[in-house]
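Enquirer: What follows is a protein structure lacking sequence information:
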């Protein structure tokens, strides 16, 4: 591990969602206690792993209720952070932790509004459009509570900046010399908006309401309609439970009908959209907590001029970056593309969404009789240049390209694990191609590139570049270089992600009990 420059663990801001509602959560690790005794993460894991599934579930529920975690996901993430921190303390590894909040679609290039799945707030937009929120009583959240959503490209910038600072041994931890937290813990960075540019659930709802009203979806669940939320509305738990029960039945019937009609993709989208809605639309997750941003702002202050002045790197999300109403409209436009396959929406003056063209249209445009290509949109023209540049460098297209009407359907293979690994592989290649378009210079980095790639970057004649840009290019290089079979578990990148993770489950030796 002597060659390790940095290790960034991507966690979630909701590892401490068990704290009281309305809490201000610091960028640090919070211990778990049973009575006055601090609990060690390994003891909990070893306890649960020693039991049979039924007994483990019962005991896990006891822990959830004891510490007020809403689900095993947040508890598991909490314990994982402590495992990572133990390696940092014991082996002095250069580790940092990034905690994103509710990650949404992109706010900027290459495609504003693009989102790879329907989890989180994007799924809630789908829920509104198709009628899972069928009336006011179905809303389980207080409308004036803060909803900490964050654009996906902001999160990626925070991860890159954290990695660059950690690798350069820059101390940005604002809690190191304070009475709060342990000086031996790795630095933690919140990638969120609740303390930089907060938005309430009602604001997000009304922005979505306006867009859906202008753009009715092609189908909605029967008996549902658009409605407004009074700001003084307070959910009634029994009423919400009743509405969820009837909505579940409507979804079940709709899924079965779609499957009988051969619309398996649409049925699958509806099913998983409903599952996401069930999780998000809950009083358990409506905590109205605020995530500190001291380390985040310090990280932003340490950026050099090339990075801080670049439109490609948004480490914090503020009104200067476009504002919430515009961003939400852009994301719902992207959601319409993924879910409904719609190629046109109204109200484009209120958002920056660029429809994602298929690769066949981008790389092989139609020609008029004179032999000149037809006039393309700005988005398609820019995309063609990017894809051609990526192909010339031997990397994959910018992102997985799809044919009209097939957006988001990369799981056609009946083999679920194989389909998942295909998505992972395509995602890595897309990331590499995206990073390869970021300009970077510097003697050390240029020496690592192939001669053709180095010549291409010299031609761009850039005067300076920041640490994030350089790191981005190095990541692109590492993702596109050939790998030997010995670098992959079981001799193949197609091996199961679960089997790969089993090699990483051991705890550090010689740990000290609390």
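Expert: Good, I have the coordinates. For clarity, every value in this text was computed on a predicted model and none was experimentally measured. Residues are numbered from 1 along each chain as shown.
Enquirer: I'd assumed residue 9 was in a helix, is it?
Expert: No - the assignment for residue 9 by DSSP: H, G, I helix; E, B strand; the rest coil gives strand, which leaves it out of any helix.
Enquirer: other SSEs contacting the helix or strand harbouring residue 126?
Expert: Residue 126 belongs to helix 121-130 when elements are defined using DSSP states H and E. For helix 121-130, the contact count by 3 or more CB pairs under 8 Å, 6 or more residues apart in numbering; DSSP states H and E identifies strand 102-104, helix 201-214, helix 264-280, helix 324-340 as packing neighbours. In this view, the C-beta of every residue, glycine as well, is placed from N, C-alpha and C.
Enquirer: try 10 Å
Expert: With contacts taken as 3 or more CB pairs under 10 Å, 6 or more residues apart in numbering; DSSP states H and E, helix 121-130 sits against strand 102-104, strand 149-151, helix 201-214, helix 237-260, helix 264-280, helix 324-340.
Enquirer: residue contacts, residue 150?
Expert: 13, 100-104, 107, 120-121, 158, 190-194, 196-197, 291, 314, 316-317 (CB atoms under 10 Å, 6 or more residues apart in numbering).
Enquirer: again, only using 6 Å
Expert: For residue 150, the contact set (CB atoms under 6 Å, 6 or more residues apart in numbering) comprises 101, 191-193.
Enquirer: For it, give its distance to residue 316.
Expert: In this view, residue 150 and residue 316 are 9 Å apart by CB to CB, to the nearest Å.
Enquirer: so what's residue 243 closest to, chain neighbours aside?
Expert: Computed as CB to CB, 6 or more residues apart in numbering, the closest residue to residue 243 that is not its neighbour in sequence is residue 138, at 3.9 Å.
Enquirer: Quick one: the strands in the stretch 51-200 of the chain, in order.
Expert: 95-100, 102-104, 149-151, 188-191 (DSSP state E, counting those that start in this stretch).
Enquirer: Including mean pLDDT and distance to residue 273, could the ones you listed go into a markdown table?
Expert: Formatted as a markdown table, the strands of the stretch 51-200 of the chain follow (pLDDT from 0 to 100; distance: least, CB to CB, whole Å):
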| stretch | mean pLDDT | distance to residue 273 |
| --- | --- | --- |
| strand 95-100 | 97 | 21 |
| strand 102-104 | 91 | 15 |
| strand 149-151 | 93 | 17 |
| strand 188-191 | 97 | 25 |
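Enquirer: can you put those in JSON lines and add distance to residue 49?
Expert: Below are these laid out as JSON lines (distance: least, CB to CB, whole Å):
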{"stretch": "strand 95-100", "distance to residue 49": "24"}
{"stretch": "strand 102-104", "distance to residue 49": "29"}
{"stretch": "strand 149-151", "distance to residue 49": "33"}
{"stretch": "strand 188-191", "distance to residue 49": "27"}
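Enquirer: from these, which stretch is densest packed?
Expert: With neighbours defined as mean count of other CB atoms under 10 Å, the strands of the stretch 51-200 of the chain peak in mean count at strand 188-191, which reaches a mean of 28.
Enquirer: Against which helices or strands is that strand packed?
Expert: The contact analysis (3 or more CB pairs under 6 Å, 6 or more residues apart in numbering; DSSP states H and E) places strand 188-191 against strand 95-100, helix 152-167, helix 294-301.
Enquirer: what packs against the longest one?
Expert: Counting contacts by 3+ CB pairs under 6 Å, 6+ apart, the secondary-structure elements packed against helix 152-167 are strand 7-10, strand 95-100, strand 188-191, helix 467-480.
Enquirer: For residue 65, the count of nearby residues, please.
Expert: Residue 65 has 9 neighbours, counted by other CB atoms under 10 Å.
Enquirer: quick thing: my sequence starts at 46, can you match it?
Expert: All right, first residue 46 from here; so that's residue 110.
Enquirer: Need the pLDDT of it.
Expert: The per-residue pLDDT reported for residue 110 equals 96.
Enquirer: Same check on the one 4 residues further on?
Expert: Looking at residue 114, its pLDDT stands at 95.
Enquirer: ok, now which ones touch it?
Expert: 63, 120.
Enquirer: In the stretch 196-345 of the chain, where is pLDDT below threshold?
Expert: By pLDDT under 70, the low-scoring segments of the stretch 196-345 of the chain are 223-227.
Enquirer: Of the helices and strands packed on helix 166-175, flag the one that's most buried.
Expert: strand 194-196 (a mean of 27).
Enquirer: Given it, what are its sheet partners and their directions?
Expert: strand 147-149 (parallel) (DSSP bridges).
Enquirer: any residues touching the strand it pairs with, and which ones?
Expert: For strand 147-149, contacts defined as CB under 6 Å, 6+ apart pick out 165-167, 193-194, 196-197, 200, 376.
Enquirer: What distance do you get for residue 309 to residue 162?
Expert: 18 Å.
Enquirer: what do you get for residue 55?
Expert: Distance from residue 55 to residue 162, by CB to CB: 16 Å.
Enquirer: Tell me, what's the model's pLDDT at the nearest residue to residue 287 once chain neighbours are set aside?
Expert: Excluding its sequence neighbours, the residue lying closest to residue 287 (CB to CB, 6+ apart) is residue 182, at 7.5 Å. If you check residue 182, the pLDDT there is 92.
Enquirer: same check, this time on residue 75
Expert: 94.
Enquirer: burial of the closest residue to it other than its chain neighbours, as a residue count?
Expert: Leaving out its chain neighbours, the residue that sits closest to residue 75 by CB to CB, 6+ apart is residue 61, at 5.2 Å. Residue 61 has 22 neighbours, counted by other CB under 10 Å.
Enquirer: Distance of residue 61 relative to residue 339?
Expert: For residue 61, the distance to residue 339 - CB to CB - is 15 Å.
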